[in-house]
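A.B. asks: Need coordinates for the following:
(2 chains)
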Amino acid sequence: MAKLSLMFENKIVKEVPIGSRPVTIGRSPDNDLPVDNLAVSNYHARVYYEAGRLVVEDLDSLNGTFVNDLRVERATLHDGDAIWIGKHHIKVDATADAAIPWDTGRKAAAPKINETMVLDTKARRDLLQQAAAMGERSQFASGRVRVATLVVLSGKVDLKEYTLTNKLTVIGKSPMATVRLKGWFKPNMAAQINQRDDGYYLGTGDKVPIVNGNPIAGPVRLNDGDLIEVCGVRMNFIFRE
Amino acid sequence: MPGCLRRGYNPVLTGRLEGEAVQIVSSGLSDVGRVRTNNEDSFRIVEALNLFILSDGMGGEAHGEVASAMAVDVISAYCSGDKEDSGATILEEAPENWNSQTRKLRNAVAQANFQIFQTAQKNPEQRGMGATITVAWFKDSRLSIAHVGDSRAYLLRGGNLQQLTNDHSLVAEQVRRGLITPQQAEESEMQSVLLRALGAHPDVEIDVDETEIFPRDVLLLCSDGLTRMVTEPEIAGALQAETKPAAAAERLISLAKENGGIDNITVIVVRFEDESEKGWFSWMRRGAAKKD
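C.D. replies: As a prediction, this is how the structure comes out:
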């Protein structure tokens, strides 16, 4: 069984063995390896066994996960590798495991393509074929599904945690609201969270919500770990696997 | 009505929200635009059901309007029928979490797709005709939406305009996959390439969604003749400035025409009015509504 050692400036902070359950790494204290640093996302990465291989997977962290010095979305780990997360690194000790061959190919995270595409006839045909193939599959088939979650820290609401599965989420007293506020004088629709192609946006309702201490002016895109306050309720917006 | 350059419809309906009566005021308007000579868009507001249907046809020689009119006809007839519908009859997997109205709506769209496809197969000159569909059905504070193609449904709530549907166009898919930016999509010459449409295959993948409606929400269904000409902030502005749906529909269409009007423009604007804010009058209405 392999072992992970969280290191900071060459000192071991914490060590955990990897069993059948994934080891989670992140800023939130409920991670197996909590890393208390603002550069680290709440749920930053995880390490687990898959078909006998040890795998690290970045959980769409803001600042990325690096194996040795290559930024990765997912990579097979070998004995002696170092996973870099912010200024911390995690040493991989897999001496107890059977050696994993190196030919598995470590894929770098795909760069974001921004350049304008030139559409000649062939490119167009290829694109269409590619598009047709995409159209066949479900739109959401690609990649892992990240589930946006509201974790209630304090305040009177009906649940401790809400999974944002709909395009529209309402925070309010209304019986139709997803996040049901309790108590007198609460508005039926205090605020709303809308899912768009590029993320989740918090918008005003009858109240102006506060994000990380600042009242919002218009719809704002929520980032992993944002603190939302509305009508005396404090919530953390996070992404879960 | 096919062939009309302009057509409109302005019913006032009533429905219920949170057990309270709401007034549903809607308006549909379709305009040929400034460049085309025929209008291939179709829409229908079925008052008795609170059903709103919009379809944008394609395929030259007036076949586009045949396809879009057929889509509207088949869906309104299917939804009006009182046949018990489990939702599992046409498409094998019937998701558990949707209500019966949503499932029926999806079957209605599947039926429309099949009929357009069949008609096109039988009549060689109509091969290649197809249509988009965006349909919204309101009942008991819930809105069911079914959608295929690049027409859109938007919800304006508390000043935020939210698109409820995903475009099934090549450029939209490329944007979702991070291959191109929204700006590049707007400039792309491939905006008209659809990944899905009614009538292209015997079966089609249909996007279905359900959402709660709150008092003061405004629903907009529109064809791409609007969204290619008018930006989202302009759309939100028009919906907020004009509180009468008929006036909002007029303003949206004139904005699209001012900005070029290269395609047919069709809009359906639906406002869910908060009756409880109208004082004693709403008490009488609510009292009256409870009797039936």
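
A.B. asks: ok so B:S144 is a strand residue?
C.D. replies: Yes - judged by DSSP: H, G, I helix; E, B strand; the rest coil, B:S144 forms part of a strand.

A.B. asks: Any idea what it is bridged to?
C.D. replies: B:W137, B:E210 (DSSP bridges).

A.B. asks: show me the contacts for it.
C.D. replies: B:W98, B:N99, B:Q101, B:T102, B:L105, B:A136, B:W137, B:F138, B:V208, B:D209, B:E210 (CB atoms under 8 Å, 6 or more residues apart in numbering or on different chains). Yep, even glycine has a C-beta here, placed from its N, CA and C like the rest.

A.B. asks: The residue of the stretch 51-200 of chain B found nearest chain A: neighbouring residues, count only.
C.D. replies: For the stretch 51-200 of chain B and chain A, the shortest gap (CB to the nearest CB) falls at B:L195, measuring 3.6 Å. Residues within reach of B:L195, counting by other CB atoms under 10 Å in any protein chain shown, total 23.

A.B. asks: All the strands of the stretch 101-250 of chain B, residue numbers only.
C.D. replies: B:130-131, B:133-139, B:142-148, B:152-157, B:160-163, B:207-212, B:218-222 (DSSP state E, counting those that start in this stretch).

A.B. asks: For those strands, could you give me JSON lines that also reports mean pLDDT?
C.D. replies: Formatted as JSON lines, these follow (pLDDT from 0 to 100):
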{"stretch": "strand B:130-131", "mean pLDDT": "91"}
{"stretch": "strand B:133-139", "mean pLDDT": "96"}
{"stretch": "strand B:142-148", "mean pLDDT": "95"}
{"stretch": "strand B:152-157", "mean pLDDT": "96"}
{"stretch": "strand B:160-163", "mean pLDDT": "92"}
{"stretch": "strand B:207-212", "mean pLDDT": "91"}
{"stretch": "strand B:218-222", "mean pLDDT": "97"}
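
A.B. asks: Can you tell me which of the ones you listed is nearest to B:R271?
C.D. replies: B:R271 sits nearest to strand B:218-222 of all the strands of the stretch 101-250 of chain B, at 5.2 Å, using CB to CB.

A.B. asks: residues in contact with the closest one?
C.D. replies: With contacts defined as CB under 8 Å, 6+ apart, strand B:218-222 is touched by B:43, B:52, B:54, B:134-136, B:143, B:151-157, B:213, B:235, B:239, B:248, B:252, B:265-272.

A.B. asks: May I have the strands that pair with it, each with its orientation?
C.D. replies: Paired with strand B:218-222 in the same sheet, following DSSP bridges, are strand B:152-157 (antiparallel), strand B:265-273 (antiparallel).

A.B. asks: ok, back up a step: check the strands of the stretch 101-250 of chain B for me and report the most buried one.
C.D. replies: strand B:130-131 (a mean of 30; mean count of other CB atoms under 10 Å in any protein chain shown).

A.B. asks: Is there contact, residue-wise, from that strand to chain A?
C.D. replies: No - Strand B:130-131 lies apart from chain A when judged by CB under 8 Å from any CB of the partner chain; the minimum separation is 13.6 Å.

A.B. asks: who touches that strand?
C.D. replies: Taking CB under 8 Å, 6+ apart as the rule, strand B:130-131 contacts B:42, B:55-59, B:64, B:67-68, B:70-71, B:116, B:120, B:149, B:194, B:197-200.

A.B. asks: Could you check how far it is from the centre of its chain?
C.D. replies: With CA atoms, centre = their mean, to the nearest Å as the basis, strand B:130-131 stands 14 Å off its chain's centre.

A.B. asks: Tell me which helix or strand comes right after the helix or strand of chain A with the lowest mean pLDDT.
C.D. replies: When the helices and strands of chain A are compared on mean pLDDT, DSSP states H and E, helix A:121-136 comes out lowest with a mean of 50. Remark: after helix A:121-136, the chain's next helix or strand is strand A:147-154, criterion DSSP states H and E.

A.B. asks: if you average pLDDT over that following strand, what comes out?
C.D. replies: Mean pLDDT, computed over strand A:147-154, is 93.

A.B. asks: Strand partners (parallel or antiparallel) of it?
C.D. replies: Strand pairing for strand A:147-154, using DSSP bridges, gives strand A:161-163 (antiparallel), strand A:233-240 (antiparallel).

A.B. asks: And the contacts of stretch A:187-196?
C.D. replies: Identification of contacts with stretch A:187-196 by CB under 8 Å, 6+ apart yields A:148, A:150, A:164, A:166-174, A:177, A:181, A:200-207, A:209, A:219, A:222, A:230-231, B:157-158, B:160, B:162-163, B:214-215.

A.B. asks: Now list the buried members of those residues.
C.D. replies: The neighbour-count test (16 or more other CB atoms under 10 Å in any protein chain shown) marks A:148, A:150, A:164, A:167-174, A:177, A:181, A:200-205, A:207, A:209, A:219, A:222, A:230-231, B:157-158, B:160, B:162-163, B:214-215 as buried among those.

A.B. asks: Would you mind listing where the chain has pLDDT under the threshold?
C.D. replies: Using chain A here. A:97-145 (pLDDT under 70).

A.B. asks: That was the other one, I meant chain B.
C.D. replies: If you take pLDDT under 70 as the line, chain B has these spans: B:1-6, B:12-21, B:60-62, B:83-96, B:275-292.

A.B. asks: Around chain A, pick out the residues from it.
C.D. replies: So chain B meets chain A at B:18, B:141, B:155, B:157-160, B:162-164, B:166, B:168, B:170, B:173-181, B:184, B:189-190, B:193, B:195-196, B:205, B:209, B:211-212, B:214-215 (CB under 8 Å from any CB).

A.B. asks: quick revisit: now, the contacts of strand B:130-131 that are in helices?
C.D. replies: B:G64, B:A67, B:S68, B:M70, B:A71, B:I116, B:A120 (DSSP state H).

A.B. asks: Rebuild those residues as TSV, extending it with neighbour count.
C.D. replies: What follows is the ones in helices among the contacts of strand B:130-131, written out as TSV (neighbours: other CB atoms under 10 Å in any protein chain shown):
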residue	neighbour count
B:G64	26
B:A67	31
B:S68	36
B:M70	22
B:A71	34
B:I116	29
B:A120	22
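
A.B. asks: before we move on, back to that, mind checking which of the strands of the stretch 101-250 of chain B is nearest A:L77?
C.D. replies: Proximity to A:L77 (CB to CB) singles out strand B:207-212 among these, at 39.0 Å.

A.B. asks: just checking, what packs against the closest one?
C.D. replies: strand A:168-172, helix B:100-122, strand B:142-148 (3 or more CB pairs under 8 Å, 6 or more residues apart in numbering or on different chains; DSSP states H and E).
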